[in-house]
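>>> A predicted structure for the sequence below; I have some questions about it.
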Amino acid sequence: MDVALAIADLLKTPEKKLENFTVADNQCNMDSLLSELERMKQKSEWLSRINDLHGRLAGAVDMNSMLEAFSVWLMPFVEHDLLGYNHIERQRRHMFCSSHGPDRRRVLKVAEKTFAYVKEQDDSIEWCVDDFWVRVWTVDSRQANGRLLLVRHGEKIDFEEVKMIAEALDVLSEPLHRALDYEDLFEQVRRDTLTGLANRRVFEERIPPLLSGAERHDRKVTLCSMDLDKFKQINDKLGHAEGDKVLQKVSATLADMVRGSDILVRMGGDEFILVLPETDLLAANKLAQRITEAIDRLEIYSSPNEKMGISIGLAEWTPDLSKEEWMQKADELLYQAKNTGRGRTCM
C-alpha cells in the first residue's frame, strides 16, 4: 500500500475505529512506512548514480573513452578486470582493461575467446574460463547492436550486479551510437575515398612516433616509395573511370600483401608509400620483389604493347635523417628504378 494513502486513510479514520487499533497495527504501519522510505532512498541513490553516469559519458567521444568512462563509473559497484564492446554489424571491437603485465594478457585472451564464441543470435552468455568469470549483455537497439562484455577474476557476477548493468545499458546505448558515428567520421577523413587505403594524414600522424620509437629501441624501419608504370597512358587512352578501377585493383593487391603493423598509404594519383616497421633493407627488398610480381600478374594493359607495372624505391631510416630527408631519399631511388625500366626496385 502506498504510504501517503495509508497515512491519509489513517487520518480519516473515526475515533471509534482508532480505539480498535492495536500496537501490532501501529507497528505494521510503521514497518510499511520505513520500508517505503528505504525504497525511495534506494531509488534516489540510483538516480544520483545514473546522473553521474550521464555526466561521465557526455565527456567521452570515441569508443575507448566511452568504455573507460563506463568502467570507472561501474567499478565501485561491480568490480571487474575488463569491459569490452563488440559491434556486430560494423565489426568494431574495443576493450578497456584495468589489469597490467601478465594478468592483462590473460584477461585479454579470455575476452577474445568469448567474443569469438558468442554468436550473433545469442542474447547473453555467462561462463567461467581460466578462473575468470565472464558475462555478456546484448546492447540491441536501433542505435547500437552489439555485445557488452565484463570479465572478472575469481568471483562470479551475482544477480544484483547483472541487474544493475542491464539497467545501466539503457543509458549507455545512445552514447555508444554516438561514439560509433564519431569513429566512422574519423575513419572517413583518414581514408582515401577511392581505394579505402590510409591517406597522407595517417602517414603524417604515425611516422613521428614510429621513428622516435625506432631510435629509442634501435629498430629498423624501411620506406617503400611506389609509383605505377604506364598508368598515365591508361588514363589517357582508356579514360579516368578505367584508371580508377585500376587503382582500386592495385590497392586491394597491395593491402593483401602487407602486415597489420605496416602503414600502406595512397599519397595521391598513382603514388603509394609503404612503411615497414621492424624491417631492414634485405627483408624489404624481398617484399618489393613479390609486389612487382603481383602487379605484373594483374595483366593490366594500356595498349597491346604497354603493360602496367610498379617501380619501387627503398630507403632504410637512420637517426641522422629527418622524415623529409628520408622520404626524399626514397623518392630519388624510386625515380632511379623507373629510369631503368618497368617493374624495378632500387635501394
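Looks like it arrived, so ask away.

>>> Which positions are bridged to residue 138 in the beta structure?
residue 147 (DSSP bridges).

>>> Would you confirm that it contacts residue 149?
No: using Cβ atoms under 8 Å, residue 138 makes no contact with residue 149, being 10.9 Å away. All C-beta atoms are positioned from the backbone trio N, CA, C, and that covers glycine.

>>> higher neighbour count, the two?
Using other Cβ atoms under 10 Å as the criterion, residue 138 and residue 149 rank with residue 149 on top: 23 against 18.

>>> who's in contact with that one?
The contact partners of residue 149, by Cβ atoms under 8 Å, 6 or more residues apart in numbering, come to 82, 83, 84, 85, 86, 111, 114, 115, 134, 135, 136.

>>> Save those residues as CSV, and put in secondary structure, distance to residue 334 and neighbour count too.
As requested, the contacts of residue 149 are exported to CSV (DSSP: H, G, I helix; E, B strand; the rest coil; distance: Cβ to Cβ, whole Å; neighbours: other Cβ atoms under 10 Å):
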residue, secondary structure, distance to residue 334, neighbour count
82, strand, 45, 24
83, strand, 46, 25
84, strand, 43, 25
85, strand, 42, 25
86, strand, 41, 21
111, helix, 43, 23
114, helix, 46, 22
115, helix, 42, 16
134, strand, 51, 24
135, strand, 54, 21
136, strand, 50, 22
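
>>> just those now: which is nearest residue 247?
When the contacts of residue 149 are compared for distance to residue 247 (Cβ to Cβ), residue 86 wins out at 32.6 Å.

>>> Quick one: residues contacting the closest one.
Contacts of residue 86 (Cβ under 8 Å, 6+ apart): 92, 93, 94, 115, 118, 146, 147, 149.

>>> tell me what the helix or strand encompassing residue 188 is packed against?
Residue 188 is part of helix 159-189, with elements assigned from DSSP states H and E. Packing partners of helix 159-189 (3 or more Cβ pairs under 8 Å, 6 or more residues apart in numbering; DSSP states H and E): helix 23-58, helix 63-74, strand 132-140, strand 145-153.

>>> Ok, which of these comes nearest residue 272?
Short answer: helix 63-74, nearest of those by Cβ to Cβ, at 29.2 Å.

>>> Tell me how far that closest one lies from the chain's centre.
14 Å (Cα atoms, centre = their mean, to the nearest Å).

>>> helices or strands up against that helix?
Packed next to helix 63-74, using 3+ Cβ pairs under 8 Å, 6+ apart, are helix 23-58, strand 82-87, strand 92-97, helix 159-189.

>>> Quick check: buried residues in it?
63, 65, 66, 67, 68, 69, 70, 71, 73, 74 (16 or more other Cβ atoms under 10 Å).

>>> For the first one, give its distance to residue 88.
With distances taken as Cβ to Cβ, to the nearest Å, residue 63 is found 14 Å from residue 88.

>>> quick one on the thing from earlier: out of the contacts of residue 86, which one has the weakest pLDDT?
Of all those, residue 118 has the smallest pLDDT value, namely 74.

>>> show me the contacts for that residue.
So residue 118 contacts 86, 125, 136, 147 (Cβ under 8 Å, 6+ apart).

>>> From those, pick the one nearest residue 260.
For the contacts of residue 118, the nearest to residue 260 is residue 86 (18.2 Å; Cβ to Cβ).

>>> partners of that closest one in the sheet?
Under the criterion used (DSSP bridges), residue 86 bridges to residue 93, residue 147.

>>> Quick check: it vs residue 158, distance?
Applying Cβ to Cβ to residue 86 and residue 158 gives a distance of 24 Å.

>>> What of residue 88?
27 Å.

>>> The two - which one has more neighbours?
Set residue 88 next to residue 158 and count neighbours by other Cβ under 10 Å: residue 88 wins out with 16 against 10.

>>> thinking residue 250 is in contact with residue 298, fair?
Yes: contact status for residue 250 versus residue 298: in contact at 7.2 Å, counting by Cβ under 8 Å.

>>> which of those two has more neighbours?
residue 250 (25 against 15).

>>> What residues does the more buried one make contact with?
228, 270, 272, 295, 298, 310.

>>> Report the strands that pair with the helix or strand that contains the last one, each with its relative direction.
With elements taken from DSSP H and E, the one containing residue 310 is strand 309-316. Within its sheet, strand 309-316 is paired with strand 221-229 (antiparallel), strand 345-346 (parallel), according to DSSP bridges.

>>> Check the ones you listed for me: which has the lowest mean pLDDT.
strand 345-346 - the lowest mean pLDDT of these, at a mean of 92.

>>> Could you list the domains of this structure?
Split into domains by automatic domain parsing, the chain comes to 3-57, 60-189, 200-346.
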